[in-house]
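Peer 1: my questions concern the predicted model and sequence given below.
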Amino acid sequence: MPELPEVETVRRGLAPIFEGSSIFGVELRRADLRFPFPPNFQARLKGRRVATLRRRAKYLVAELDNDDALIMHLGMSGSFRIDAAPLPGDFHFSRSKHPAHDHVVFNFESGARVTYNDPRRFGFMLLLAGKEIDAHPLFAKLGMEPLDPAMSAGALARILQGRATPLKSALLDQKNIAGLGNIYVCEALHRARLSPLRIAGSLAASGKPLKALERLSTSIKAVLTEAIEAGGSSLRDHRQTDGSLGYFQHNFRVYDRENAPCPTPGCKGLVARVTQAGRSTFYCPACQK
DNA sequence: CTGTGTTCCTGTTCGC
DNA sequence: TGCGAACAGGAACACA
């Protein structure tokens, strides 16, 4: 599931539990996810208070009171679940059988419990010293946040200038813009009426008017903002931290809608599906140029 | 610098 | 109904 809007939705769900709370203990149900957990993972978290829970690209960053940071990535299938605090003496709460693929459990001193579940285990967790984050390989090359004020037609022009790669690939590359994934790239390109197959650099030749890039910038911000407001998208069984479903998937214009009529007013096209870099791209060949 | 293919895993869906 | 193949939101990597 998790592209920027889903990760942001998770962050908003977890923040009231994490921020200002002290970690009583962490349970690991296995030794690794995508990567092994860092050495002394549990010991380094125990007793720490979480200062803030922020998001960078598709990463969650829990900044701790000792200046360490817990980095969490949801991969393809990761999700968090918040369980209500148990009543005093509630044995069942702590002893009940856990669902399949519950890999990490955070117990807070407040009694709140947050469980990380990830069937495919493409997600991972790291512990970094606060100072190390920006220099870490996973963060050092990340591009700009698409909802940052710095994101603009001009910024897109600088990124895309001279690039021979298809526009979709360029937008999916986290080194250019950080946080877009397959769904929202398809959706943003449709809104901007730009073909995912178009060579990225062709939009940004020097001296070229920025009109198309203005549309792209606006579309990216709009689709992400709307998706966050809708609580993200729930494909398959993905849920928010409180168990409710996001509903932005009902607003997809092209994603997973092969052969559906193009939703652009007045357009007679049908949504097509092609493969780029091994992944499905959905777009309207009639109105996306 | 390119794009493509592969890999890490499991679950769901689709075609026969 | 069963069974195998294809495919799925990410991202690093090797390779040509």
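Peer 2: Nice, I can see it.

Peer 1: please count neighbours and contacts with C-alpha atoms only from this point.
Peer 2: Will do.

Peer 1: helix, strand or coil for residue A:191?
Peer 2: Following DSSP: H, G, I helix; E, B strand; the rest coil, the label given to residue A:191 is helix.

Peer 1: residues near it, how many?
Peer 2: Residues within reach of residue A:191, counting by other CA atoms under 10 Å, total 22.

Peer 1: once you drop chain neighbours, what's closest to it?
Peer 2: Using CA to CA, 6 or more residues apart in numbering and skipping residues adjacent in sequence, the residue nearest residue A:191 is residue A:219, 5.8 Å away.

Peer 1: would you mind confirming that the one you found is in contact with residue A:188?
Peer 2: Yes - between residue A:219 and residue A:188 there is a contact at 5.1 Å, judged by CA atoms under 8 Å.

Peer 1: between the two, which has more neighbouring residues?
Peer 2: Neighbours were tallied for residue A:219 and for residue A:188 using other CA under 10 Å; the higher tally belongs to residue A:188 (27 against 21).

Peer 1: which ones are touching residue A:224?
Peer 2: A:4-5, A:147, A:184 (CA atoms under 8 Å, 6 or more residues apart in numbering).

Peer 1: strands - which of those residues land there?
Peer 2: In strands, judged by DSSP state E, none of these are found.

Peer 1: among those residues, name the ones in helices.
Peer 2: Judged by DSSP state H, the contacts of residue A:224 include A:4-5, A:184 as members of helices.

Peer 1: how far away is the closest residue to DNA strand B within the stretch 151-289 of chain A from residue A:183?
Peer 2: Per CA to the nearest atom of the strand, residue A:165 is where the stretch 151-289 of chain A lies closest to DNA strand B, at 2.3 Å. Distance from residue A:165 to residue A:183, counting by CA to CA, to the nearest Å: 19 Å.

Peer 1: more neighbours: these two, which one.
Peer 2: residue A:183 (21 against 16).

Peer 1: the residue lying farthest from the centre of chain A and residue A:111, how far apart?
Peer 2: No residue in chain A sits farther from the centre than residue A:89, which is 37.6 Å out by CA atoms, centre = their mean. Using CA to CA, we find residue A:89 at a distance of 12 Å from residue A:111.

Peer 1: would you map out the domains in chain A?
Peer 2: Domain segmentation of chain A under automatic domain parsing yields A:4-140, A:153-283.

Peer 1: got CSV for the ones you listed, with distance to DNA strand C and mean pLDDT too?
Peer 2: Below are those laid out as CSV (distance: least, CA to the nearest atom of the strand, whole Å; pLDDT from 0 to 100):
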stretch, distance to DNA strand C, mean pLDDT
domain A:4-140, 4, 91
domain A:153-283, 3, 90
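
Peer 1: pull out the buried residues from the helix or strand containing the residue nearest to residue A:191.
Peer 2: If you go by DSSP states H and E, residue A:219 is part of helix A:211-229. By neighbour count on 16 or more other CA atoms under 10 Å, the buried set for helix A:211-229 is A:212-221, A:223-224, A:227-228.

Peer 1: quick one: the strands in the stretch 101-250 of chain A, in order.
Peer 2: A:102-108, A:113-117, A:124-129 (DSSP state E, counting those that start in this stretch).

Peer 1: out of these, flag the one nearest residue A:254.
Peer 2: strand A:113-117 (29.1 Å; CA to CA).
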